[in-house]
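Participant: Structural data only, the sequence is not supplied:
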DNA sequence: TTTTAGCACTCTCGGATCGAGAGTGCTAAT
DNA sequence: ATTAGCACTCTCGATCCGAGAGTGCTAAAA
């Protein structure tokens, strides 16, 4: 299938390696010297010419070194990259941080984003885990002030959804508590659809409350849940290719615009299960603002039950091997944490 | 006190105005022509020389126009700037957005950050409102999975604090509910200190729960509460003076580093009450990374009860008049919303 | 047939040069 | 006190040039 000779693969790999190091076009001489290749620059030139014809390399101008093309990176990641394990000490360092952090989802998300950003020296993004199909476990309604109440929904699996709303009448806490208990008893273990079916049985306050619940659960059913945790945005600006800042600015914009971001993530999430790491090179056609960037994304959690997503956004010439390992490793840790939290409750 | 003649003040103002428009050194000719001044360029030159001597203007090099110095901006903001009201339609547009958003603090924060970023075309930051002294109103404990429970604290004033924790034993929901009811009855209206005093009366589960409460309340007593909402970071990159990206990167770093940010904010918050708008020019000595930037900050909420902070981070040459008005206006709206939510419950 | 040495050629990049333009400070006249 | 006039300074952009890096091609070597 792949019509590249071994030597061509080697050279492509080396060009990519060198280019990710230096951010500059790579010439035949440099390559031979730095990697002590057992062939002459001329040979390398010939091979590079071939790779250029095939679309894996580009020449910024007639007489400069070669730069890997989008296709080149894609081929490299797909066929040439050998998976490497993260070094032991790095792994220990990371897992240590997680296991000594308090057992709080929000903390975990922040930590994951922070670690990912530091390790990859790029921008990181993490979404909170949320159930693929939300089932109510417990409902609590608390009066905060006046007619304003806080509704807390605990889902099977431990996810928490909350919503503040204003009732049409003033209702004392005791009544709210009663109502919440009723609703809990009635709807425990049900999903949004069954709740809808059960609604006609309810009336007055309980009906209103259930109505709000539906809304909160609807949000929860979206492929990608609410918050997206970001970190390391400033890393993007450090890359030499973005020193002119225009490109970087576009990327920042995408990351800031929650709706765009969620769209992007959910589109990606739908492919690939937990464990697999997806690599989007050059925005993969989807998002023109990201044409200079690559993303390494992974899903974590319990497939079919609760999942979230995490990943990295960096320049196209990123060290894919290491980045993929890092993303995979942290996804693994989060999966572990989430699985522990969810345990073996029953579903469906 | 101010030893500037009226004419010098005028010229300083105009230089600043022109410089904020163009981001380029301002010359005497330009000034006379564009503002149809009733004097000759030579006169302007003399005055500018005087202003330079006094330290209000700088010359990038011997023969270029003048640029306002940090001192210049400071004098301008402190003495020369006349307060302007935001135009009617802008105000309506803004308030409309708030009053049609759901009554949820988190939504308000996001909205405020977003509006502020758009209006000022700079980076915005908003902290959630939180009580100056936290008083417990209601406690709820909900089992999420296994030994993990969610504790929800509702403070007097409506602020919500929550914490996930792991108990040493498995405890059924009914017991948790009972315990929470007990604690609520016992500690309602108390602050952290009184709770500490009351702790010896408790034991077992209730003691443990109260212990955690103390922690959550301790956080809550810090001058600046948890989350800081950011928006418009990419705006900073759009400014011509940051096209080389190094400076911009530093600023981004500060904003990303929550701890630094909170420190900065709390230092500023401690001065000045609600309503007053504070302007920090050139980082005001405090933070060298921000030497090229200015911040416009305001406190909102109910003084002495619940307050938060919001503001803008932009280039030193920002349109202070408009920015200050915007910040003040949005602070006013948030104050209104918070006051509504808190209402007239009693304190102390 | 494959590899490589040799070579002419191309293109970028950094530095040097230069003139135009903008702006200043000073002096002398108003 | 203001301003016209003028010499002077400094930046900025354009242009030019040479060095350097790298290529593609051809012909010889393996």
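Facilitator: Okay, I see it. Every value quoted in this text rests on a predicted model; they were computed, and no experiment measured them.

Participant: what packs against the helix or strand where residue A:327 lies?
Facilitator: Applying DSSP states H and E as the criterion places residue A:327 in helix A:320-342. If contacts are counted by 3 or more CB pairs under 8 Å, 6 or more residues apart in numbering or on different chains; DSSP states H and E, helix A:320-342 sits against helix A:88-99, helix A:105-120, strand A:277-281, strand A:293-302, strand A:306-315, strand B:136-145. Heads up, the C-betas are built off the backbone N, CA and C, glycines and all.

Participant: How many neighbouring residues does whatever residue of the stretch 1-150 of chain A ends up closest to DNA strand D have?
Facilitator: Nearest to DNA strand D, among the residues of the stretch 1-150 of chain A, is residue A:27, at 2.7 Å (CB to the nearest atom of the strand). Neighbourhood size, residue A:27 [other CB atoms under 10 Å in any protein chain shown]: 19.

Participant: correct me, but it touches residue A:63?
Facilitator: No: between residue A:27 and residue A:63 there is no contact under CB atoms under 8 Å: 9.6 Å.

Participant: Point out the residues in the stretch 1-150 of chain A that sit beside DNA strand C.
Facilitator: A:7, A:39-40, A:42-43, A:46, A:61-64 (CB under 7 Å from any atom of the strand).

Participant: Could I get the contacting residues of the nearest residue to residue A:121 once chain neighbours are set aside?
Facilitator: Here the nearest residue to residue A:121 in space, its sequence neighbours aside, is residue A:235; by CB to CB, 6 or more residues apart in numbering or on different chains that works out to 5.2 Å. By CB atoms under 8 Å, 6 or more residues apart in numbering or on different chains, the residues touching residue A:235 are A:117, A:121-123, A:314.

Participant: could you redo the last one with a cut-off of 10 Å?
Facilitator: For residue A:235, the contact set (CB atoms under 10 Å, 6 or more residues apart in numbering or on different chains) comprises A:117-118, A:120-124, A:312-315, B:249, B:252-253, B:256.

Participant: So, low pLDDT: which residues of chain A?
Facilitator: A:1-2, A:157-159, A:218-226, A:269-275, A:285, A:341-348 (pLDDT under 70).

Participant: Just give me the residue right at the centre of it.
Facilitator: residue A:310 (2.5 Å; CA atoms, centre = their mean).

Participant: Not counting its neighbours along the chain, what's nearest that one?
Facilitator: residue A:126 (4.2 Å).

Participant: now swap in residue A:295 and tell me
Facilitator: Residue A:295 sits nearest to residue A:280 (CB to CB, 6+ apart), 4.4 Å away.

Participant: next one: residue A:27
Facilitator: residue A:65 (3.8 Å).

Participant: Test my guess that the one you found contacts residue A:26.
Facilitator: Yes: using CB atoms under 10 Å, residue A:65 is in contact with residue A:26, at 4.5 Å.

Participant: which residues are in contact with both of the two?
Facilitator: Joint contacts of residue A:65 and residue A:26 (CB under 10 Å, 6+ apart) are A:15, A:18-19, A:48, A:57.

Participant: Most neighbours of all those, which one?
Facilitator: residue A:15 leads the shared contacts of residue A:65 and residue A:26 on contacts (other CB under 10 Å) with 28 neighbours.

Participant: In contact with it, which residues?
Facilitator: A:25-28, A:30-31, A:44, A:47-48, A:51, A:56-57, A:65-68, A:72, A:76.

Participant: now do 7 Å
Facilitator: Applying CB atoms under 7 Å, 6 or more residues apart in numbering or on different chains, we find residue A:15 in contact with A:26, A:31, A:57, A:66, A:68.

Participant: re the thing from before, the residue nearest to residue A:295 and residue A:266, how far apart?
Facilitator: 14 Å (CB to CB, to the nearest Å).

Participant: more crowded one of the two?
Facilitator: residue A:280 (21 against 15).

Participant: my read: the more buried one touches residue A:294, true?
Facilitator: Yes: between residue A:280 and residue A:294 there is a contact at 6.3 Å, judged by CB atoms under 7 Å.

Participant: which residue does the stretch 151-300 of chain A bring closest to DNA strand D?
Facilitator: residue A:244 (15.1 Å).

Participant: now the angle from the strand or helix carrying residue A:248 to strand A:293-302?
Facilitator: Here residue A:248, judged by DSSP H and E, is contained in helix A:246-256. Computed by axes from the mean of the first three to the mean of the last three CA atoms, to 10 degrees, the angle separating helix A:246-256 from strand A:293-302 equals 20 degrees.

Participant: List the buried residues for helix A:246-256?
Facilitator: For helix A:246-256, burial by neighbour count (16 or more other CB atoms under 10 Å in any protein chain shown) applies to A:247-256.

Participant: show me which of those neighbour chain B.
Facilitator: Filtering the buried residues of helix A:246-256 for neighbours of chain B using CB under 7 Å from any CB of the partner chain leaves A:248-249, A:252-253, A:256.

Participant: So the nearest residue to residue A:287 once chain neighbours are set aside versus residue A:112, what's the distance?
Facilitator: Of all residues not flanking residue A:287 in the chain, residue A:264 sits nearest, at 6.1 Å (CB to CB, 6+ apart). Separation of residue A:264 from residue A:112 (CB to CB): 19 Å.

Participant: need the contact list for the nearest residue to residue A:313 once chain neighbours are set aside.
Facilitator: In space, residue A:313 comes closest to residue A:123 once its chain neighbours are excluded; the distance is 4.5 Å by CB to CB, 6+ apart. Taking CB under 7 Å, 6+ apart, we find residue A:123 in contact with A:117, A:230, A:232-233, A:235-236, A:255, A:312-314.

Participant: Report the two of those separated the most.
Facilitator: A:230 and A:314 (13.3 Å; CB to CB).

Participant: Of these two, which one has the most company?
Facilitator: residue A:314 (24 against 21).

Participant: Quick check: chain neighbours aside, which residue is closest to that one?
Facilitator: residue A:122 (3.2 Å).

Participant: and the one you found, how many neighbours?
Facilitator: Residue A:122, neighbours per other CB under 10 Å, totals 27.

Participant: For DNA strand D, tell me which of the residues of the stretch 1-150 of chain A next to DNA strand C show up nearby.
Facilitator: Answer for those near DNA strand D (CB under 7 Å from any atom of the strand): A:42, A:62-64.
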